[in-house]
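Novice: here are the coordinates; sequence isn't available:
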């Protein structure tokens, strides 16, 4: 992850567009974080301690 966040950089026009997907969007220096969220549990039951919970994020540099 650290190597992915290190990236190249140098794009002064880098902006965070509006997205309709679930999750959160942010910008950290030259890295755009898009659609960061934890998956909803199936079957209507909440996640339990020790469950393997899928998490998703798109990183753009």
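Specialist: The structure has been received and is ready for your questions. The model shown is predicted, which means the values in this text are computed figures rather than measured ones.
Novice: which stretch of helix or strand covers residue 57?
Specialist: Secondary structure assignment for residue 57, by DSSP states H and E: strand 55-60.
Novice: Same question for whichever strand in the chain runs longest: list its buried residues.
Specialist: Looking across the chain with DSSP state E, the single longest strand is strand 31-38. Neighbour-count burial for strand 31-38, counted by 16 or more other Cβ atoms under 10 Å, picks out 31, 32, 33, 34. For the C-beta atoms, the positions are set from N, CA and C on the backbone; glycine is no exception.
Novice: Which residue comes closest to the second one once chain neighbours are left out?
Specialist: Beyond its immediate neighbours in the sequence, the residue positioned closest to residue 32 (Cβ to Cβ, 6 or more residues apart in numbering) is residue 60, lying 4.2 Å away.
Novice: was I right about the one you found contacting residue 30?
Specialist: No - Residue 60 is beyond contact range of residue 30, at 9.2 Å (criterion: Cβ atoms under 8 Å).
Novice: who's more crowded, the two?
Specialist: residue 30 (16 against 12; other Cβ atoms under 10 Å).
Novice: quick one: pLDDT of that one?
Specialist: Residue 30 carries a pLDDT score of 90 in this model.
Novice: for residue 20, same thing?
Specialist: 61.
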